[in-house]
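> Fold the following for me, if possible:
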Amino acid sequence: MRTSPAPTNPKLGAEAQQVGGPGRALTTFRLAALVTATLAAVGALLFLFLSPYFANRYHVSVGNDAPQYLARARIVAGGGLDALANAFPAPLTANPDRPGYPVVANLLDSTLGIAPDRLAFMFSAVLSVVIGLAAAAFSRMAMEEPPWSFPVYALLVGGSTSTVLTAIGHVDNLMVDALLLAGAGAAVLVADGRPAMLAAILLLGSTAIVHWNFALLFAAVLGVFTASLVPASIQALRKGTRAVDTPAARMAGLLAGSAVVGGAAFLPAPGAPHVVELPRAQLAVDYARTSSKYRLPILGPLGVAGAAALALMHRTRRRAYALILLVVWAAVGLVAILLFERGSAIPAHRLLPFAYGIPILAAAGVVGLARLSGERLRGFGNVAGATGRVAGAVVVVAGLIGSGVVAYRILSVRTPFLSDTALEETATAANIASTLAAGRPVVLVVNWPDLGAGTFYGVAPAYRWTSAWLPPGERPRLHVYLGSAANLMAGRPSAGPDALFDETSAALWEDIRPVASDRPVVVEMKSFDKHFSKFVKRHPGSEVAPRVAVGGVASPGTITVPRLPDPPRNESLVGLAVLTLLGLAAAGMGWSSSLLPAGWLERVACAPAFGIAALALGGYAADRLGFRLTGASGVVVALAVAVLGFAPLAVRGVRRRPGPSGEPGDHEGAAGAGEAPAPPGHPDEDARRA
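Model (predicted):
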C-alpha cells in the first residue's frame with residue numbers, strides 16, 4: 001500500500017525539513033540554540049517566581065490561600081478525598097468540588113518525597129513554567145510562529161501579569177490555566193482537521209476536577225469559537241466535505257467529549273459545587289488592586305498589533321483559527337471590566353487574569369513587530385537586512401525586559417498574608433488544641449471586621465492556619481466563631497457591621513451548636529480579635545502565651561509557643577522545583593507523545609501539562625476506587641498513570657509492523673516533525689499544498 005507524501009508547511013516545518021540536508025550543521029546549531037534558549041527561559045521563570053523567597057526568609061509561602069492548600073493535601077493524605085466534604089465549617093470550605101490539587105500533591109509526595117508544606121513554596125513557580133511552555137507550544141502548533149519565538153512566548157506568557165497575579169495564592173486557578181493553554185492548542189489542531197481530539201479531551205476534561213468554574217467558562221469560550229466556524233463549515237459542505245469533517249462539527253465533538261470526561265469525573269466528587277459570593281464593596285477592593293497592576297495602555301496596542309500580525313502576516317487557516325480563539329478568550333477579561341464598571345457584582349479581579357488571550361496576543365505583537373522589521377528590510381540589501389534583524393532583536397529584548405520588570409515588581413512586594421507574630425499565635429492555638437484541650441472541642445473567637453469581607457473578617461486566615469498546624473485526626477475538634485466571646489458563651493451568634501458579618505456568624509454558630517454542651521475550650525488571639533485586651537482583663541490568668549488567651553479551662557497555666565518551620569534554603573527550593581517539573585513531565589511524556597500531533601519540541605513542552613491532567617484524573621479515579629494516594633499505593637498509581645500514557649505508542653508501533661508485502665501496516669500518526677497529515681477531503685488541502 002502506497003501513500004502520497006504528507007503535506008508540508010514551509011513556515012512551520014522548515015527546521016525539520018533541513019535536518020539531514022546540506023544545511024545540517026547550521027540547522028543542528030539552530031536547534032541547539034533553540035533548546036538552550038528555552039531552558040534559559042525555564043530558568044528565568046523559576047528565578048522570577050522564587051525570587052521573593054530568595055530575598056526573604058519567609059517561614060510560610062505567600063498568599064492568603066496558602067494554608068488552604070496545605071490543609072487540603074493533609075486532609076486527603078489522612079482520610080482520602082471524602083474527608084474533604086465536611087472538613088471545614090460553613091461558610092469556609094476545603095473545596096471538595098476541586099479535588100485535583102490535593103490528588104496531584106499527594107502523588108508528588110508519594111513518588112518524589114516533596115511534602116505539601118515544601119510544595120507550597122515552589123509549586124506556583126513550577127506552574128508558571130508549565131504555563132509558559134504550554135503557551136510556547138500553542139504559538140507553534142496553533143499560531144505557526146517561527147521557531148525562534150518559542151522561548152519568547154514562554155517568557156512573555158509564563159511571566160505575564162495574568163500568571164503573576166494568579167500565582168499569588170490561587171494554585172487551583174494556576175493549574176487549570178496550564179491545562180487550558182495546552183488544551184487550547186490541541187483544540188485549534190482539532191478545528192484544523194488534525195488528529196488531536198483525544199489530546200484535547202484529556203486536557204480539557206481534566207479541568208472539571210481542578211477548577212470547574214473556569215472549566216465551564218472556557219467551555220463557553222470554545223462554544224463561541226465553534227459558532228464562529230459555522231460559516232466556514234457550510235462552505236466546506238458545499239465543496240463536498242463530509243459533515244463530520246467540518247471544523248464546527250469537529251469542535252462540537254470535542255466539546256461533547258470533554259463534557260463526558262469532565263462530567264464523569266465531576267459527578268462522583270466528594271462535594272457539591274461551591275461558589276463564594278462576596279459583596280460588591282469587597283469585589284471593588286479586589287478589582288482595584290488587580291486592575292492597577294495591568295498595563296492595559298501597553299498591552300492593548302500590543303494585542304492589536306498581535307491580532308494584525310496573525311491576520312495579515314503569513315496567512316493560513318490555522319493562524320486564523322488561533323486568532324479567533326484568542327480574541328474570544330481575551331474578550332472574557334474585557335467584558336468583565338466593562339460589566340464591573342457598569343455596576344455588576346462579578347469577580348472581575350479573577351476573570352481578567354483568566355483571559356490569557358490578552359498576554360498571548362501581546363506577545364504576538366512583540367514577535368510580529370520583530371518579524372516585520374526583519375522581513376521588510378531584507379529586500380533592500382544585506383546591510384538593511386542586518387539592520388532589520390537588529391531592530392527586531394531590540395523589540396524582543398525590550399518586550400522581555402519590560403515584562404520581567406513588571407512581574408518582578410509585583411512579586412517582590414508580596415509577603416505571607418500573616419505576620420510571623422500572627423502565625424505564632426495560630427501555631428500556639430493548635431498546640432492548645434493538642435495538649436491543654438486534648439479530647440475537647442476548641443473554638444477560635446475571631447472579631448476583626450477591618451480584615452475585610454474577603455477573609456470573612458479574619459475567620460478564614462485564623463481557622464485555616466490553625467487547622468494547617470493540626471494533624472488531620474485532630475482537625476474535627478476545631479471550630480471558629482465570629483463575634484464576641486460573651487455572645488459565644490451566651491449561646492448565640494453575634495451581630496456586626498453588615499449583613500455578611502451577621503450571616504457568617506450565624507452559619508458558624510450552627511457548626512458550634514452541637515458541641516456547645518461539651519465544655520469547649522475558647523481561644524482568643526490578639527491578631528484576630530479587636531477585643532482581646534478586654535477578654536484578658538475580664539478573665540485574669542487566661543493569657544497562657546504571649547497574645548493568646550483561653551477560656552473554659554480552670555488554671556490553664558502556660559503553653560509553649562511552637563517554633564515556626566525553618567525557611568527553606570534557596571538551593572533546596574530550586575532543586576525541588578526542578579524535580580517537580582521533571583516529575584510532571586515524566587508523568588505526561590507518554591500521553592503527549594501518543595496523543596499530540598505536533599513536533600517533538602511542542603510535545604516535550606506540553607508534557608508537564610499532560611502530566612497534571614493524567615495524575616489528576618488517574619489519582620482521582622484511584623481514590624474513588626478505594627486506593628490510597630500515599631505511600632506505596634500512591635507510587636503504584638503514579639507509575640501506572642505514567643506508563644499507561646505510552647500504551648497508544650506501543651499499539652501504534654505494532655500496527656506499523658511491515659506486512660507480508662513488506663509495506664507498513666498502518667500510516668496513521670504524525671508526519672514530518674510530528675505534524676499529522678490532513679484527512680481525505682480536507683476543505684483547504686489544495687491551498688495548504690500550494
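
> Please save the CA atoms from stretch 316-334 in PDB.
Output of stretch 316-334 as PDB, limited to C-alpha atoms (Å, rounded to 0.1, in the frame of the first residue of the first chain):
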ATOM      1  CA  THR A 316      -3.000  30.400   7.000                       C
ATOM      2  CA  ARG A 317      -6.300  28.900   8.000                       C
ATOM      3  CA  ARG A 318      -4.800  27.600  11.300                       C
ATOM      4  CA  ARG A 319      -3.500  31.100  12.200                       C
ATOM      5  CA  ALA A 320      -6.900  32.500  11.600                       C
ATOM      6  CA  TYR A 321      -8.500  29.900  13.900                       C
ATOM      7  CA  ALA A 322      -5.900  30.700  16.600                       C
ATOM      8  CA  LEU A 323      -6.700  34.400  16.200                       C
ATOM      9  CA  ILE A 324     -10.400  33.800  16.600                       C
ATOM     10  CA  LEU A 325      -9.900  31.700  19.700                       C
ATOM     11  CA  LEU A 326      -7.500  34.300  21.300                       C
ATOM     12  CA  VAL A 327      -9.900  37.200  20.600                       C
ATOM     13  CA  VAL A 328     -12.800  35.400  22.200                       C
ATOM     14  CA  TRP A 329     -10.600  34.400  25.200                       C
ATOM     15  CA  ALA A 330      -9.300  38.000  25.600                       C
ATOM     16  CA  ALA A 331     -12.900  39.300  25.400                       C
ATOM     17  CA  VAL A 332     -13.700  37.500  28.700                       C
ATOM     18  CA  GLY A 333     -11.500  39.900  30.600                       C
ATOM     19  CA  LEU A 334     -12.500  42.900  28.600                       C
END
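
> buried sites along it?
Buried residues in stretch 316-334, counted by 16 or more other Cβ atoms under 10 Å: 316-319, 321-334. In this view, the C-beta of every residue, glycine as well, is placed from N, C-alpha and C.

> biggest strand in this protein, by residue count?
Assignment by DSSP state E gives strand 521-529 as the longest strand of the chain.

> Can you tell me what sits against it?
Contacts of strand 521-529 with the rest of the structure, by Cβ atoms under 8 Å, 6 or more residues apart in numbering, involve 418-419, 421-422, 425-426, 428-429, 432-433, 436-437, 440-448, 451, 458, 461-462, 485, 488-489, 532-533, 535-536, 542, 547-553.

> Just the buried ones from the residues you listed, in PyMOL syntax?
Selection of buried members from the contacts of strand 521-529 for PyMOL, criterion 16+ other Cβ under 10 Å:
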select buried, resi 418+422+425+426+428+429+432+433+436+437+441+442+443+444+445+446+447+448+451+458+461+462+485+488+489+532+535+536+542+547+548+549+550+551+552+553
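
> I'd like the mean pLDDT over stretch 569-576, please.
Here stretch 569-576 scores 94 as its mean pLDDT.

> Alpha carbons of that stretch, in PDB - could you do that?
C-alpha atoms of stretch 569-576 as PDB (Å, rounded to 0.1, in the frame of the first residue of the first chain):
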ATOM      1  CA  ARG A 569      17.200  27.200  51.600                       C
ATOM      2  CA  ASN A 570      17.500  28.700  48.200                       C
ATOM      3  CA  GLU A 571      19.200  25.700  46.600                       C
ATOM      4  CA  SER A 572      16.600  23.400  48.100                       C
ATOM      5  CA  LEU A 573      13.800  25.400  46.500                       C
ATOM      6  CA  VAL A 574      15.400  25.300  43.100                       C
ATOM      7  CA  GLY A 575      16.200  21.600  43.400                       C
ATOM      8  CA  LEU A 576      12.600  20.800  44.400                       C
END
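
> Now do it: distance to the chain's middle.
Stretch 569-576 has its C-alpha centroid displaced from the chain centroid by 21 Å (Cα atoms, centre = their mean, to the nearest Å).

> still on that earlier bit, out of the contacts of strand 521-529, which are inside helices?
421-422, 425-426, 428-429, 432-433, 461-462, 485, 488-489, 532-533, 535-536 (DSSP state H).

> Would you map the strands across the stretch 501-650 of the chain?
521-529, 543-545, 548-551 (DSSP state E, counting those that start in this stretch).

> How about residues contacting the last one?
Looking back up the chat, that one is strand 548-551. Contacts of strand 548-551 (Cβ under 8 Å, 6+ apart): 425, 428-429, 432, 436-437, 485, 489, 521-526, 532, 535-536, 539, 542-544, 556, 559.

> which neighbours does that strand have in its sheet, and in what orientation?
Strand 548-551 pairs in its sheet with strand 521-529 (antiparallel), strand 543-545 (antiparallel), by DSSP bridges.

> what about it, average pLDDT?
93.

> How far off centre is it?
On Cα atoms, centre = their mean, the centre of strand 548-551 falls 40 Å from that of its chain.

> Please save the CA atoms from that strand in CSV.
Provided in CSV are the C-alpha atoms of strand 548-551 (Å, rounded to 0.1, in the frame of the first residue of the first chain):
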residue,chain,number,x,y,z
VAL,A,548,-3.0,34.1,73.2
ALA,A,549,-5.7,33.5,75.9
VAL,A,550,-8.1,30.7,76.7
GLY,A,551,-11.4,30.4,78.4
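
> how about whichever strand or helix holds Phe49: buried residues?
Phe49 is part of helix 24-55, with elements assigned from DSSP states H and E. Residues of helix 24-55 classed as buried: 27, 30-31, 34, 37-38, 41-42, 44-46, 48-53 (neighbour count, 16+ other Cβ under 10 Å).
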